[in-house]
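1. pasting a predicted model and its sequence here:
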Amino acid sequence: MSENFVHYKKLLNDIDVLTENLHKRFSKQITCHLGCTGCCQQQLTLSKVEANFITQAIKELSIEKQNNLKQAAQAILEMRAETDACAMLDGLGCSIYEVRPVICRTHGFPISFKDEETQDTLLDVCPLNFAEEENLELGLEDTIDIDRVNLRLAAINYAYCRDILGDEKKSAERMAMAEIIISTLGNL
């Protein structure tokens, strides 16, 4: 089963190397840290390859953590959650941090992307990062090209759905984290 995720794991590793380098270069400006959960939102959705990869990690969690995830996911799906936070949050951290998806690995870091209407290249970063730096100019080399990352993820997801799942149409499907948890562990 692990062979099914070779290309996805390579993408995650490449992102980790890139974000580690950015964090080293901008150690004072990038304030992301354990306990900062502003990016951990429940409305984020994942591709099929990501959902299936995370499913494996959920199954390996302790029964207590699985039960906590089920309760959080159920509350989100029943629209009775008291927060907008992701169901994977466990106190101050992510229950599946080591296998967190692409979006969770790139959030907060400076990203560049093309505006679909104007075709201008835009830069964005979490407002908590670089907050003290009024005169700092970021160049494209200081960013994650999120269009390139997303294109690579889409290609990996398509190949996974076609070759592993036997249905390339599944590559268009997206799942919220709460749905992934419930589909993995069932309802309470």
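-> In hand now; what should we look at? The model shown is predicted, which means the values in this text are computed figures rather than measured ones.

2. so how far is stretch 12-28 from its chain's centroid?
-> Its chain's average C-alpha position is 15 Å from that of stretch 12-28, according to C-alpha atoms, centre = their mean, to the nearest Å.

3. could you give the average pLDDT over stretch 87-106?
-> For stretch 87-106, mean pLDDT rounds to 89.

4. same check, this time on stretch 47-57
-> 96.

5. the closest residue to G108 other than its chain neighbours: neighbouring residues, count only.
-> Using C-beta to C-beta, 6 or more residues apart in numbering and skipping the chain neighbours, the partner closest in space to G108 is C126 (4.1 Å). C-beta here means a position set from N, CA and C on the backbone, and glycine is covered the same way. Using other C-beta atoms under 10 Å, the number of residues around C126 comes to 18.

6. just checking, C126 is part of a helix?
-> No: when classified by DSSP: H, G, I helix; E, B strand; the rest coil, C126 is found to be coil rather than part of a helix.

7. what lies in contact with stretch 124-137?
-> Applying C-beta atoms under 8 Å, 6 or more residues apart in numbering, the contact partners of stretch 124-137 are 26, 29-32, 36, 38-39, 107-113, 138.

8. check stretch 146-161 too.
-> 4-5, 7-8, 11, 15, 47-50, 52, 102, 106, 111-114, 167-171.

9. buried stuff in it?
-> Buried residues in stretch 146-161, counting neighbours by 16 or more other C-beta atoms under 10 Å, are found at 146, 149, 152-153, 156-158, 160-161.

10. do stretch 31-46 as well
-> By neighbour count on 16+ other C-beta under 10 Å, the buried set for stretch 31-46 is 40, 42, 45-46.

11. between the two ends of it, how far is it?
-> In stretch 31-46, first residue to last residue: 25 Å (C-alpha to C-alpha, to the nearest Å).

12. go on, stretch 85-104?
-> 13 Å.

13. would you check how far apart H33 and C39 are?
-> Per C-beta to C-beta, to the nearest Å, H33 is found 12 Å from C39.

14. so, low pLDDT: which residues of the protein?
-> Applying pLDDT under 70 to the chain flags residues 1, 133-135, 187-188.

15. A176 - how many residues pack around it?
-> A176: 19 neighbours (other C-beta under 10 Å).

16. contact partners for it?
-> 42-46, 76.

17. farthest pair in the residues you listed?
-> L46 and I76 (14.4 Å; C-beta to C-beta).

18. all helices of this structure, in order?
-> In the chain, the segments counted as helices under DSSP state H are 6-25, 48-60, 63-77, 102-106, 146-163, 177-185.

19. other residues contacting stretch 28-46?
-> Applying C-beta under 8 Å, 6+ apart, the contact partners of stretch 28-46 are 22-23, 54, 76, 81, 84-89, 92-94, 101, 103-104, 107-109, 126, 128-133, 136, 174-178, 180.

20. first to last residue in that stretch, what's the distance?
-> 31 Å.
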